[in-house]
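A.B. asks: sequence plus predicted model, see below.
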Amino acid sequence: MRVTKWAGGAGVLAFITLAVGLPVQAGPMEPLVLAACMKSRTTTADERIFRDMMVAALQEDQHGLRTTFSNMLSSFMHIGLECGMTVDDFDQPWAEAAVNLYAVDVGERIMARAMAKSGLTAEMN
């Protein structure tokens, strides 16, 4: 996943960012620290969005995938902004690395819970 592909609504998001007083100049962040921050701010609703996107992809539901992918990216951006990123930061390699680490972590947690519910493995934290 390339972060730069989903920052298309940056103008609107920049306006919202400025309007609500979120940071406008965060600068480079350590990807592991940013991914940990994003993980700590993830809600069950965020995980549900990610899970719905995974299900749509597995079912090859193109319409559902477009919708859920858009929702997932909005969730990622919202969480990233809460962790001190700016809209412009999403184009940076360190931000892409952090979002990728975060997405892998969330995906693994979702899969671990699914496996645990099926009785195939122990649930991960």
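C.D. replies: Noted; the coordinates are in hand. Residues are numbered from 1 along each chain as shown.
A.B. asks: which stretches of the chain form strands?
C.D. replies: With DSSP state E as the criterion, the chain has no strands.
A.B. asks: isn't Gly107 up against Phe50?
C.D. replies: Yes. Counting by CB atoms under 8 Å, Gly107 touches Phe50, with 6.9 Å between them. Just so you know, the C-beta spots here come from the backbone N, C-alpha and C atoms, and that holds for glycine as well.
A.B. asks: who has more neighbours out of the two?
C.D. replies: Phe50 (22 against 15; other CB atoms under 10 Å).
A.B. asks: that one and Leu73 touch, don't they?
C.D. replies: No. Between Phe50 and Leu73 there is no contact under CB under 8 Å: 10.5 Å.
A.B. asks: I'd assumed Met29 was in contact with Met85.
C.D. replies: Yes. With contacts counted by CB under 8 Å, Met85 reaches Met29, the gap being 7.2 Å.
A.B. asks: shared neighbours of those two, anything?
C.D. replies: Contact criterion CB atoms under 8 Å, 6 or more residues apart in numbering; residues shared by Met85 and Met29: Ala95.
A.B. asks: could you check which of the two has the larger neighbour count?
C.D. replies: Shown here are Met85 and Met29; by other CB under 10 Å, Met85 has more neighbours (27 against 20).
A.B. asks: residue contacts, the residue sitting nearest the centre point of the chain?
C.D. replies: The residue lying closest to the centre of the chain (CA atoms, centre = their mean) is Phe76, at 2.8 Å. Going by CB under 8 Å, 6+ apart, Phe76 touches Trp6, Met38, Val99, Tyr102, Ala103.
A.B. asks: kindly recompute the last result at 7 Å.
C.D. replies: Remark: with contacts taken as CB atoms under 7 Å, 6 or more residues apart in numbering, Phe76 is in contact with Val99.
A.B. asks: how much space separates it from Thr121?
C.D. replies: Going from Phe76 to Thr121 by CB to CB, to the nearest Å gives 27 Å.
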